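please find the sequence and the predicted model below.
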Amino acid sequence: MGLRNLILFKVLVLCSLITSGVYSQQQHKLNQRWIKERRGVEKTTVLLNNEQGTIPLKDLAGNRIVSVGFDSRLSPVFDRVLNFHARVASVGGKEYLDKSGRMEDLSYDLKFYNTVILQVSADQLRDSQVLDFIRDNQKSKTIIVAAFGDRKVLARLNDLQVPVIWSSGYSAESVDYVAQAIFGGLPLLAKLPIDVSERYRKGAGFQTEVTRLTYTVPEELGIKAEDLQKPVDEIIAEAIAQRATPSAVLMVIKDGKVIMNQAFGSHTYEGTQPTKTTDIYDLASVTKITATTAAVMRLFEEKKLNLDTPVSAYIPKAWSTNKRNIPVRQVMLHEAGFIPFIPFFKDIKPEDFRRDSSAAYPIAASQNYYFRKDFFKNVMWPLMLNSALRDTGKYVYSDLSMYFMKEIVEGISAEHMEDYVQQNFYKPLGMQRAGYHPLYRFPKEQIVPTEVDTLFRNTLLQGYVHDPGASMVGGVSGHAGLFGSAYDLAIFYQMLLNGGTYGGVRYFKPETVEMFSSKQSRTSRRGLGFDRSDAKTEYPSKLASANTFGHTGYTGIRLWVDKDVNLIYILLTNRVHPVTSNKLNDLNISSRLMDTIYNVISEVK
């Protein structure tokens, strides 16, 4: 096997270790060897020139990042791992080096990026063109050099001010380590073992801490891969065979380490498009906690929103209704007495929609179905404001609660909900795919389809929100409308599990996270916005601790965080495709998966 083929083989092995579920008798040994080799890389990877604290990268909002691979052999691994943490474009640098005078073209082609990560071998650092490129661009851009190979070449970098991460080896393990370390997924701890130059002396090296998720294999936590993988495969294979869902993505995070991240099945039962871990799902009611509750938490911390103030103080139109004296806290606990939902689609009149969009009909519920302007304001909102109240003070789960909270958030912040959560959370956190209106930002093929709607849209829904009410307001609501990947949810809920910090940035105070996610009701298991575990009903798992919070989504989404064991469980499915099925619940798929995960991690000593 030639060198290039050998490297490509290792690339495939690396990618399967991180994101695939293939297991065999050899997998455990492969994973153990992987961990051993990566620990060796940790001891020989040094961070230099980090006086400004550039590494690990912190500010991802508005930071346009590109990776330039001057050595193409392992660039696919390096770039793949970078993209676990943030959206990073890829440019092949070797073609610029191969032609004289082309480095100026490289600078031109990178003009719209403000952070450039250079992956280079020792031999390439001996090329004056590469050094000149760094010198020319370090004045206007953040340049990060990821160098691999002979340490003696560091002497050629004496006059550079940019951060340099040097690793002695050039392997799948070393590029994985460096790529994760750039974003804080792994620590940089080593020092130079000998003098390299007057500037880079023995003992030189900056140290960093882990600030983001680490992508690894179960063996790092003392778990045998097959013990986790085999039962998971069997349970999800049963779900697909029984047509409980055509697709699934399962992510398991323990102690801040992603030990499983796997895609199953296909987007549809026809099996023409295999599921990927990067696929985008309709998150349904998980919107309630990942968008609306997060916005409420931020406004609460800023003292712009008081939980014990009546909703009418924030929604003037509620002043003359039966909602006048209901405090925000009761709305967040689903104890306001709201009816569970209103079937708005029954109130659609022919003049309310058109098959083509226009200035008068701009609200897209799906392709070829557009509501008239102000349909929410003139039809839906009055129905909610004047709806009956029942059993105020008792727990009745209601979508209306988050319609109201969206109006409150937008009224206080003076921003649209989709913009507020993007700017305050998703972009700075590095949640690349999370957001409303996914078709505005991603190809349709990356979005998993949901139901063939027969209520009023009469079409397959793909990229348009499944929830009928959310679709009538153009896909942006407080109770539904958010789309995202498992990666996005992992980042957001690791931030909450960390007590409000991620990537070296604080998003919430620990006491705010604790308050909203802990039990706050006298009549139910609920927190403020968040659902919680219930030991009596063994929900969501008979092994979940009393400190478990999260939510489910109608489309087949399960998201749970167990604070007692530092566990995050994410299951994404499209169980409503092509028509809504209850088999996911009937087969107890999610609870069985969670039970399996708890059993495996409990055996770790």
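In hand now; what should we look at? Numbers count the residues shown, from 1 in each chain.

drop to CA atoms for contacts and neighbour counts, all remaining ones
Fine.

wait, is Leu439 part of a helix?
Yes. Assessed with DSSP: H, G, I helix; E, B strand; the rest coil, Leu439 lies in a helix.

what's the burial count for it?
Neighbouring residues of Leu439 were enumerated by other Cα atoms under 10 Å; the total is 14.

nearest spatial neighbour of Arg87, chain-adjacent residues omitted?
Gln432 (6.2 Å; Cα to Cα, 6 or more residues apart in numbering).

ok, now which ones touch that neighbour?
Under the criterion of Cα atoms under 8 Å, 6 or more residues apart in numbering, the contact list for Gln432 reads 86-87, 426, 488.

isn't Phe341 right up against Asp399?
Yes. With contact defined as Cα atoms under 8 Å, Phe341 reaches Asp399; the gap is 5.7 Å.

which of the two has more neighbours?
The neighbour comparison of Phe341 against Asp399 (other Cα under 10 Å) goes to Asp399, with 21 against 14.

what about that one, distance to Arg522?
Distance of Asp399 to Arg522, given as Cα to Cα, to the nearest Å: 21 Å.

could you do Val409 as well?
When Cα to Cα is applied, the distance between Val409 and Arg522 equals 26 Å.

is it correct that Val130 falls within a strand?
No. For Val130, which was evaluated using three-state DSSP, the result is helix, with no strand membership.

could you find the closest non-adjacent residue to it?
The spatially closest residue to Val130, leaving aside those adjacent along the chain, is Gln124, at 7.0 Å (Cα to Cα, 6+ apart).

neighbour-wise, which of Val409 and Arg522 wins?
Summary of the neighbour comparison: Val409 and Arg522, criterion other Cα under 10 Å, with Val409 having more neighbours (24 against 10).

OK, contacts around that one?
Residues in contact with Val409 (Cα under 8 Å, 6+ apart) are 292, 295-296, 299, 417.

give me the domain ranges for this structure.
With domains defined by automatic domain parsing, the chain comprises 3-218, 223-244+588-605, 272-565+573-580.

quick one: closest of the ones you listed to Asp255.
Comparison of the domains of the chain against Asp255 by Cα to Cα identifies domain 272-565+573-580 as nearest, at 7.8 Å.

and that closest one, end to end?
Across its full length, domain 272-565+573-580 reaches 21 Å between end residues, using Cα to Cα.

kindly report the same for stretch 147-162.
For stretch 147-162, the first and last residues are 12 Å from each other (Cα to Cα).

any weak-confidence spans in this structure?
1-25, 100-101, 605 (pLDDT under 70).

and the residue nearest the centre of it?
The residue lying closest to the centre of the chain (Cα atoms, centre = their mean) is Asp488, at 0.7 Å.

which residues sit against the helix or strand hosting Val66?
When elements are defined using DSSP states H and E, Val66 is found to belong to strand 65-69. Contacts of strand 65-69 from elsewhere in the structure, counted by Cα under 8 Å, 6+ apart, are 75, 79, 87-94, 110, 113-120.

how about the helices in the stretch 151-300 of the chain?
Taking DSSP state H, counting those that start in this stretch to define them, one finds helices in the stretch 151-300 of the chain at 172-183, 225-241, 287, 293-301.

packing partners for the helix or strand where Met495 lies?
Secondary structure assignment for Met495, by DSSP H and E: helix 486-497. Where contact means 3 or more Cα pairs under 8 Å, 6 or more residues apart in numbering; DSSP states H and E, helix 486-497 is packed against strand 247-254, strand 501-502, strand 567-573.

CSV for those strands, including distance to Lys224 and mean neighbour count?
Supplementary listing: these in CSV, determined by distance: least, Cα to Cα, whole Å; neighbours: other Cα atoms under 10 Å:
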stretch, distance to Lys224, mean neighbour count
strand 247-254, 14, 24
strand 501-502, 28, 23
strand 567-573, 17, 25
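
the ones you listed into CSV, with extra columns for distance to Phe375?
Supplementary listing: these in CSV, determined by distance: least, Cα to Cα, whole Å:
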stretch, distance to Phe375
strand 247-254, 35
strand 501-502, 39
strand 567-573, 31
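
now stretch 372-382: how far from the chain's centre is it?
The gap between where stretch 372-382 is centred and where its chain is centred comes out at 33 Å by Cα atoms, centre = their mean, to the nearest Å.

what comes up buried for it?
Of the residues in stretch 372-382, those buried by neighbour count under the rule 16 or more other Cα atoms under 10 Å are 372-376, 380-381.

now swap in stretch 525-535 and tell me
Along stretch 525-535, these residues count as buried under the neighbour rule (16+ other Cα under 10 Å): 525-534.

where along the stretch 351-500 of the chain do the strands fall?
Shown for the stretch 351-500 of the chain, the strands assigned by DSSP state E, counting those that start in this stretch span residues 353-354, 363-366, 369-371, 452-453, 459-460, 483-484.
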